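Visitor: What follows is a predicted structure for the sequence shown.
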Amino acid sequence: MKVAVFGDIHGNIEALTAAYSAVQLIKPDKVYHLGDLGGYSPFIDEVVAFLSEHNIEGVQGNYDETIANDREHCGCKYEDPIQEEMANKSFEWTKKHASPETKEYLRKLPFSLSFVAEGKKILLFHATPSKNNLYWFEDRPEKFFREMSAKTDADVMIYGHTHKPYRKDFGGKVFVNAGSVGKPKDGDRRSCITLITITTDKVDVEFLRVPYDVHKAADAIIASGLPEYFADRLKEAR
Ligand SMILES: [Fe+2]
């Protein structure tokens with residue numbers, strides 16, 4: 001079985017349509033998203049409509065849950081006061097502009113999704129199996145991987161939230177951070193799609209990087225009234 005996974009799209013419809021076109025050539029059995037569908041780029045309604053139209057199932061991210069329920073804060077963490085100020089502007093913008101239908105869709109997203117393929121249990125969630133806003137980076141100590149594994153009986157865990165893709169094998173399990181379709185932070189501004197091929201004897205993980213019109217996406221951020229800061233971040237992939 002082959003699945004394609006779209007992590008953290010964050011309102012970037014240019015990246016999503018390019019990613020979807022690339023996936024069409026590969027013809028996976030199923031395409032999933034990992035939530036965080038809005039914020040930082042303006043096209044949250046368009047992203048949700050696109051996913052619905054193409055029957056792409058997925059899970060609820062911290063940004064989805066907080067936008068859907070008009071919370072005070074997105075549950076994100078910041079590296080500095082400027083980032084915090086900009087992120088607050090993005091959150092307020094997104095809460096104000098997301099349609100009631102979009103919020104309803106976000107509200108109904110499940111916390112996690114699971115399926116069995118070739119005898120292996122696959123679990124998808126946004127950040128960790130029990131909390132949707134913890135950053136599960138590759139360099140977390142093995143103790144953290146062990147603690148997270150203990151929360152589930154899954155053989156393969158697929159998640160995002162950090163926007164930095166990796167695959168790690170530990171304790172007989174496979175951990176896959178799918179990176180980000182719409183807002184990569186690993187220095188490579190191309191959209192990241194994760195392809196996971198499950199056979200009886202192994203799990204193959206491939207990170208496919210898809211170029212898209214980053215300048216068009218950046219211009220749309222500025223035109224929408226969102227801070228130019230996010231246009232710069234998109235170009236720099238950080
Ligand atoms: Fe997130």
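Guide: Arrived safely. Given the structure is predicted, the values throughout are model-derived calculations rather than measurements.

Visitor: for the chain, which helix is longest?
Guide: Longest helix in the chain by number of residues (criterion: DSSP state H): helix 81-97.

Visitor: For it, what does the pLDDT average out to?
Guide: Helix 81-97 shows a mean pLDDT of 96.

Visitor: Can that helix be said to contact the ion?
Guide: No - shown here: helix 81-97 not in contact with the ion (C-beta under 5 Å from the ion), separated by at least 11.5 Å. In short, each C-beta sits where N, CA and C put it, glycine included.

Visitor: which residues touch the closest residue to residue 198 other than its chain neighbours?
Guide: Of all residues not flanking residue 198 in the chain, residue 117 sits nearest, at 4.3 Å (C-beta to C-beta, 6 or more residues apart in numbering). Listed by C-beta atoms under 8 Å, 6 or more residues apart in numbering, the contact partners of residue 117 are 1, 3, 198.

Visitor: Kindly report the same for residue 116.
Guide: Residue 116 is in contact with residue 122, counting by C-beta under 8 Å, 6+ apart.

Visitor: and it, that's in a strand?
Guide: Yes - assigned with DSSP: H, G, I helix; E, B strand; the rest coil, residue 116 falls within a strand.

Visitor: And the pLDDT for it?
Guide: Residue 116 carries a pLDDT value of 98.

Visitor: cool, the one 10 residues further on as well?
Guide: Reading off the per-residue confidence, residue 126 sits at a pLDDT of 98.

Visitor: That one contacts residue 33, correct?
Guide: No - counting by C-beta atoms under 8 Å, residue 126 stays clear of residue 33, with 9.8 Å between them.

Visitor: Quick check, residue 23 in contact with residue 193.
Guide: Yes - the criterion here is C-beta under 8 Å, and residue 23 meets it with residue 193 at 6.3 Å.

Visitor: Look at those two and report which has more neighbours.
Guide: A count of neighbours by other C-beta atoms under 10 Å puts residue 193 above the other of residue 23 and residue 193, at 27 against 20.

Visitor: returning to what we had before: the residue nearest to residue 198 bridge partners, please.
Guide: Applying DSSP bridges to residue 117 gives these bridge partners: residue 120.

Visitor: re earlier: shared neighbours of residue 23 and residue 193, anything?
Guide: Residues touching both residue 23 and residue 193 (C-beta under 8 Å, 6+ apart) are residue 4.

Visitor: count of neighbours near residue 30?
Guide: Around residue 30 there are 14 other residues, counting by other C-beta under 10 Å.

Visitor: and it, what does it touch?
Guide: Neighbours of residue 30 in contact, by C-beta under 8 Å, 6+ apart: 1, 3, 4, 57.

Visitor: Save these as TSV, and put in pLDDT, distance to residue 39 and neighbour count too.
Guide: Output for the contacts of residue 30, formatted as TSV (pLDDT from 0 to 100; distance: C-beta to C-beta, whole Å; neighbours: other C-beta atoms under 10 Å):
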residue	pLDDT	distance to residue 39	neighbour count
1	97	31	15
3	98	25	19
4	98	22	25
57	98	20	13
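
Visitor: Sitting in strands, which of those residues do you find?
Guide: Counted as lying in strands by DSSP state E, out of the contacts of residue 30, are 3, 4, 57.

Visitor: what sits against the closest residue to residue 43 other than its chain neighbours?
Guide: Leaving aside its chain neighbours, residue 43 sits nearest to residue 13 (3.9 Å; criterion: C-beta to C-beta, 6+ apart). Residue 13 is in contact with 41, 43, 46, 47, 50, counting by C-beta under 8 Å, 6+ apart.
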